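Undergrad: make a model of this:
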Amino acid sequence: MHITSYFILIAKHLSVLHLEQIILTNLYTQYPITYPIPLTIIDFIKGKFDQLSSSARPYQGIASAFSDYCSAVEQRGQDEWDEVVCKVRRDIKGDESELLSKAIPSLRRILIGGPSNEQVTLLQNINVHSCDKSCQQHRIEEEKKQDDIFSESQSRLTYLIKKFITIISNIGDPIVLLLDDMQWASTTDLNVLQSIYQGARNPFMFIFTCRPMELNHPFLTVANNFHNTTDIDLGQLNAQTTNELVAATLKVDNNDCKDLSNFISCTSNGNPFYIRQQLISLRESGHLSNEKGSWKWDVDLLEEGISGTVHILLSKRIKKLPKISQETLKICAYIGTIDLYILGLILRDTNPDMEKSNQVIVKGALSVVTNDGLLALDHNGAITFTHDTVIEASFHLVESDKRASYHWYLGRVLDDKVCPNLRQRYIFTIAAQLARGIELIKDETDRIHTATIFLNAGEKSLASGAISEALFFFGRGVSLMHDADWTTNYRLCCDLYTKAADTAALTSSFEEMESYLNCLYSKCACKARCVDYLNASFIQVRSMAARDDRDSLKVGLSALRRCGENFPSQNLTMHTVVGLAKIRASMKMSKVLSLAPIRYD
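TA: Predicted coordinates for the structure are as follows:
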């Protein structure tokens, strides 16, 4: 098969259940193909964004899609895996592969080799209470590695992602990339998405699903730049389709359940998820029963089994679940997409008296909610909700005035329990939870410790090219600092303000940048802190130069004068001669290694 142009399907309210038919149908109608295409020759990879994760964890949805790709290639066999690895490592090597694997850990298997951080799950049976010295050393090494790529610009990361996509889309099977819930994608995610689109080569198909959004939503702005798009606005199921769905569920003839399906079609408004929930509610209330293999119901009494909206029905169902299953839903609702390891840590803390292992606890807690269709567990160990209504109902398990406290509790548990050698992997999750409970901080030690966590999360975001997320974390750290901290915790204050100012400049938030810099200028005015003063001045000079502000030179010279380095107002010949003499004297005092010859053209 050869596809001669891109095909991008942007779908709204789209269920993943029937994507295979949509993909094949559109392939048949859009391109001159003379023979059927088996779905098995298509690498179907998917990622999902969610409201909580996308705002704090860079590349979460896209990273899960790349993890899907790695698994798909592995399933093709060793020969194809070796081919992909060989071509990728030939063109992306050294510090480039390090940078890309830092930003998207799921690609580490292909770029560098060995297990990726994403493969660490509860099944590894990590003992979070007894990490030895090797764990502590590993943590120190990981933190140092963050600094190694801190200076990398987002443009370089964007280039590498584009390069990687170009390589993999030129080999192997056609790729279909599904990204779900695009309304939650962050600006950083959308920048990466544009790189993926630009790097994609034929055959490659994009499928985006989203809920209704404003016309000025950033995703629609990005999507408008794509070519050959098909926009599918999926409505609700009509009465006939609902009848077919109910009949197939109950395994009865369509005509035999028409009265039941008509009632459900009206009360569910044709929403497939609501239809399923109402059938379950009728079954639990006894208004839908199975007697000797035959389903029975009384149409006149059905309304008694549907008391309230689907939200109310779902909330009632959740509150009837075992306590540990309710706790699982709460954890997932307040953290977002999580894995088995994180869930095991928190469930262990909420159930300290249980003698079972974390693995057994998680398995038991998930079995109920997954069987009920409330949560889904993918092959990479990621736990997601099956519908936004379930998230909302689970979120309301915590009273509104206690939600910040619950976020703070989750952040503290993870901060305390996550094994040190995994801390960098989960730093975004920890920091995001603490940020949502930041107003509850009372203890001085907690305040400084949390500010340090925000600094760490901001540095990792910046190193990954996630500028807006970095500014969020640096800003939270700055908000925790008091005036007295410039004396007792000077280095922490200075780092937070400096990096917040630098990141604000990168996002063109110049007023915010100025407020951070003004504070730095006032606190770093003494000669002992001139290096920090110069760093702040450099941020301002660079920002002014980027805006073609001619006063940038004056600002830079003024900063140098404050630090004892005076420059003449006029460049006279005498100044040049004296300057060269100083350089010559300095060179005589130090050993100069083989300098390249100077060329005069």
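Undergrad: which is the next helix or strand following the helix or strand containing Leu193?
TA: Assigned by DSSP states H and E, Leu193 belongs to helix 187-199. Sequence-wise, the next helix or strand downstream of helix 187-199 (DSSP H and E) is strand 204-210.
Undergrad: so what strands line up beside that following strand?
TA: If you go by DSSP bridges, strand 204-210 pairs up with strand 7-12 (parallel), strand 175-180 (parallel).
Undergrad: and the first one, what's its mean pLDDT?
TA: The average pLDDT within strand 7-12 is 46.
Undergrad: got it, and stretch 452-466?
TA: Stretch 452-466 carries an average pLDDT of 88.
Undergrad: any buried residues in that stretch, and which?
TA: Neighbour-count burial for stretch 452-466, counted by 16 or more other C-beta atoms under 10 Å, picks out 452-466. Heads up, the C-betas are built off the backbone N, CA and C, glycines and all.
Undergrad: swap in stretch 508-528?
TA: For stretch 508-528, a neighbour-count test (16+ other C-beta under 10 Å) marks 509, 512-513, 516-517, 519-521, 523-524 as buried.
Undergrad: quick one: contacts of it?
TA: Residues from elsewhere that reach stretch 508-528, judged by C-beta atoms under 8 Å, 6 or more residues apart in numbering: 471, 475, 478, 486, 493-494, 497-498, 500-501, 504-505, 529-530, 532-533, 536, 539-540, 543, 562-564.
Undergrad: narrow these to those in helices?
TA: With helices taken from DSSP state H, the overlap with those comprises 471, 475, 478, 486, 493-494, 497-498, 500-501, 504-505, 530, 532-533, 536, 539-540, 543, 562.
Undergrad: in this structure, what helix or strand scores lowest on average pLDDT?
TA: Comparing helices and strands within the chain by mean pLDDT, DSSP states H and E singles out helix 133-148 as the least confident, with a mean of 41.
Undergrad: what pLDDT, on average, does the very next helix or strand once past that one get?
TA: Heading C-terminal from helix 133-148, the first helix or strand you meet, by DSSP H and E, is helix 154-168. Across helix 154-168, pLDDT averages out at 83.
Undergrad: from the chain's centre, how far out does helix 154-168 sit?
TA: Computed by C-alpha atoms, centre = their mean, to the nearest Å, the chain-centroid distance of helix 154-168 equals 18 Å.
Undergrad: before we move on, back to that, among the contacts of stretch 508-528, name the buried ones.
TA: Of the contacts of stretch 508-528, these count as buried by 16+ other C-beta under 10 Å: 471, 475, 478, 486, 493-494, 497-498, 500-501, 504-505, 529-530, 532-533, 536, 539-540, 543, 562.
Undergrad: so which helix or strand takes in Ser586?
TA: Assigned by DSSP H and E, Ser586 belongs to helix 573-588.
Undergrad: give the rounded mean pLDDT of that helix.
TA: For helix 573-588, mean pLDDT rounds to 76.
Undergrad: what's the offset of that helix from the middle of its chain?
TA: On the basis of C-alpha atoms, centre = their mean, helix 573-588 is displaced by 54 Å from the centre of the chain it belongs to.
Undergrad: please apply the same query to stretch 527-536.
TA: Worked out by C-alpha atoms, centre = their mean, stretch 527-536 lies 35 Å from the chain centre.
Undergrad: domain ranges for the chain?
TA: As given by automatic domain parsing, the domain ranges for the chain are 7-233, 239-307, 441-585.
Undergrad: what's the neighbour count on Gln169?
TA: I think there's a mix-up here, since residue 169 is Ser and not Gln. Other residues lying near Ser169 total 19 when counted by other C-beta atoms under 10 Å.
Undergrad: from now on call the first residue 12
TA: In the new count, where the first residue is 12, that last one comes out as Ser180.
Undergrad: quick check: the gap between the nearest residue to it once chain neighbours are set aside and Cys574.
TA: Leaving aside its chain neighbours, Ser180 sits nearest to Arg212 (4.3 Å; criterion: C-beta to C-beta, 6 or more residues apart in numbering). Arg212 is 52 Å from Cys574, where distance means C-beta to C-beta, to the nearest Å.
Undergrad: repeat that for Thr252.
TA: 74 Å.
Undergrad: the chain: strands as residue ranges?
TA: For the chain, the strands defined by DSSP state E cover 18-23, 54-59, 186-191, 215-221, 240-244, 299-302, 305-308, 349-350, 386-388, 393-396.
Undergrad: redo those as a markdown table? Include mean neighbour count.
TA: Compiled in a markdown table, the strands of the chain are given as follows (neighbours: other C-beta atoms under 10 Å):
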| stretch | mean neighbour count |
| --- | --- |
| strand 18-23 | 20 |
| strand 54-59 | 22 |
| strand 186-191 | 23 |
| strand 215-221 | 23 |
| strand 240-244 | 13 |
| strand 299-302 | 12 |
| strand 305-308 | 14 |
| strand 349-350 | 21 |
| strand 386-388 | 17 |
| strand 393-396 | 21 |
